[in-house]
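*Asks:* Provided below are the primary sequence and the corresponding predicted coordinates.
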Amino acid sequence: MLVIALVRPGGRPMQPKKSSFNNLSNEALCRLRDEIAELLNSRAEVLRKQFCQLTGGGSIVNGGDTYSGGKRRRATRRKVAPKYLGPDGQTWTGRGMHPRWLTKAINEGKQPSDFLIDNALKKTAPVGQTQRLHKVHSQAARLVPR
């Protein structure tokens, strides 16, 4: 059994006080619990409002009466159209690390601009058909397994 000795600043040991909760009735204990919960909730609300004011998160409405402190919704991200088309139909948006097929081609001496989708369409398509072919390429890219 672990015994912890409390010591006063003068070096004399402190005697633990006897709890007066043992003498309270169940009804009195429940009232005390409710009062403590109410006090803690009000203090938590004050702290939330202060935190909100300091960090700029959430909003305080009606002169500080209510607090809207929920999680913020992230903006929905749109899917980015592919910018590069690989030799076997692989695509890359141009974001993040280079894909393996592009790294291999760069090591062989090619330039990333050689794989731009717009350049590939301009070389093969007659004038006026680039938009239609771009749509066809993007649909075909979805069908190619990765």
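*Replies:* It's in.

*Asks:* buried residues of stretch 24-38, list them for me.
*Replies:* Neighbour-count burial for stretch 24-38, counted by 16 or more other CB atoms under 10 Å, picks out no residue. Using the backbone N, CA and C atoms, a C-beta is placed for each residue, glycine as well.

*Asks:* avg pLDDT for it?
*Replies:* Average pLDDT, stretch 24-38: 90.

*Asks:* state the distance from the closest residue to residue 86 other than its chain neighbours to residue 109.
*Replies:* Among residues not flanking residue 86 along the chain, residue 101 sits closest, at 4.4 Å (CB to CB, 6 or more residues apart in numbering). According to CB to CB, to the nearest Å, residue 101 and residue 109 sit 15 Å apart.

*Asks:* more crowded one of the two?
*Replies:* residue 101 (15 against 6; other CB atoms under 10 Å).

*Asks:* helix, strand, or coil at the more buried one?
*Replies:* State at residue 101, reduced to three classes by DSSP: H, G, I helix; E, B strand; the rest coil: helix.

*Asks:* I am finished for the moment; much appreciated.
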